[in-house]
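Trainee: Okay, sequence plus prediction incoming.
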Amino acid sequence: MAQKLSAREILEHLVAFPTVSRESNLAIVDWIEEYLAGFGVKAHRVYNEDGTKANLYANIGPEVEGGVILSGHTDVVPVDGQDWDTDPFTLVEKDGRLYGRGTCDMKGFDALALAAVPLALERGLKRPLQIALSYDEEVGCLGAPSMIEEMAERLPRAAAAIIGEPSMMQVVTGHKGAQSVRTHLRGFEVHSSQIHRGVSAVMEAAKLIDWANRVNAENAAATPGPVAAMFDPPHTTFHVGTVQGGTANNITARDCRFTLTFRVVPGEDADAWRQRYLDKVREVEAGMRAVEPSTFIETESSFGVPGLAPEEDGVAEALARRLTGDNGEHVVSYGTEAGQFQRAGYSAVICGPGNIDQAHQANEYLEVSQLEAGWAFMERLVESLAK
Ligand SMILES: [Zn+2]
């Protein structure tokens, strides 16, 4: 190929791959791999278990330490049930906006990173650009960890990771972490007039859900530390979004299921929060078993995304501030792969084109001016790596 494409032209190609998380992303990975090969850049794949999806990473420039990782994801959220004015998988420009699924979240950044490759090669880098594109970000940041692990092992250590989630090219230094615990209570069915002999899974679940209410209130009443104070709300929160249980108004429920999700202020120990919940589970279970020994509560942790903690004198933050001129304090409420890079020992920030308000929506778009701002960022980044 070896054909130089603008970020806009690359975006057109990327949007045309309907890489909804439930589908394979191998077609887009093939395209990107071939694009990079056209410039003599060897990309590496890290597959999922059944080989239907892959992460892709590459080192551009000298194999030395001190480079910069540009991190994006290849998957997008579904368009099912959304009312689009244009074909979501065709890039359409209208009124200074580029419409299409993933333009904002986050193929726009992916396209900028790929467009920067020939620029970097022409300029000649002293420290490398490293590109890291994941799968399954939108379903709980599932893909990236195996790639991050392999990059840490096989590539010279990068000094900074820029995660290009939509931030309007502002430098975002923190986000909360998230964890989910699925909970299933098995009660004991009797006629509800004999409630003292039965165990209602629904009523026992209510105790656990109310525990979450009380912890929320406790956390809200506490004085936030300096990191927590940056967030809205300035504390760790627990939430139950759905509950299923019971079969009739006059039967103590045999089963009840719900998922508890907690968003943890970075720096707090997410595992300790989960343990507090599990301690409460054991307490409630003991009460159920005192009535009927066959009852139980089982739990399963379904996903966990580590928080991104603002770094003291962070290399990534300093670099992104220098390149954007943004000196504001920004944290966000959504989870990203930035926390995973940071957990692996990389200095990390979020900085990418587009507004998170447009992500996941019908008629998702990226302002042309944001793509241009992103390109100016890439030009300055290449320049800084060439010195
Ligand atoms: Zn995203």
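Mentor: Sure, I can see it.
Trainee: For the residue of the stretch 51-200 of the chain at minimum distance from the ion, which non-adjacent residue is closest in space?
Mentor: Ranking the residues of the stretch 51-200 of the chain by distance to the ion (Cβ to the ion) places residue 105 first, at 4.1 Å. In this view, the C-beta of every residue, glycine as well, is placed from N, C-alpha and C. Counting by Cβ to Cβ, 6 or more residues apart in numbering, residue 359 is the residue found nearest to residue 105 once chain neighbours are left out, at 3.6 Å.
Trainee: pretty sure the residue of the stretch 51-200 of the chain closest to the ion contacts residue 355?
Mentor: No - counting by Cβ atoms under 8 Å, residue 105 sits too far from residue 355 to count as a contact (9.8 Å).
Trainee: So for those two, which sits in the more crowded spot?
Mentor: More crowded of residue 105 and residue 355, by other Cβ atoms under 10 Å: residue 105, with 29 against 15.
Trainee: hang on, the earlier thing: quick check: neighbours shared by residue 105 and residue 355?
Mentor: In terms of Cβ atoms under 8 Å, 6 or more residues apart in numbering, residue 105 and residue 355 are both contacted by the residues residue 166.
Trainee: And residue 261, how far from residue 113?
Mentor: 31 Å (Cβ to Cβ, to the nearest Å).
Trainee: Tell me which of the two has more neighbours.
Mentor: residue 113 (29 against 16).
Trainee: Do any residues in the helix or strand where that one lies lie close to the ion?
Mentor: Element membership of residue 113, judged by DSSP states H and E, is helix 108-123. No - Helix 108-123 is not in contact with the ion by Cβ under 5 Å from the ion; minimum separation 8.8 Å.
Trainee: List the buried residues of that helix.
Mentor: Within helix 108-123, the residues scored as buried using 16 or more other Cβ atoms under 10 Å are 108-121, 123.
Trainee: now stretch 216-230
Mentor: Buried residues in stretch 216-230 (16+ other Cβ under 10 Å): 216, 219, 227-228, 230.
Trainee: Spit out the contact partners of the spatially most central residue of the chain.
Mentor: Against the mean C-alpha coordinate of the chain, by Cα atoms, centre = their mean, the closest residue is residue 336 at 2.9 Å. Going by Cβ under 8 Å, 6+ apart, residue 336 touches 137, 141, 163, 165, 175, 305, 308, 350.
Trainee: again with residue 385
Mentor: By Cβ under 8 Å, 6+ apart, residue 385 lies in contact with 61, 67-68, 120, 125-129.
Trainee: same thing with residue 194?
Mentor: By Cβ under 8 Å, 6+ apart, residue 194 has no neighbours at all.
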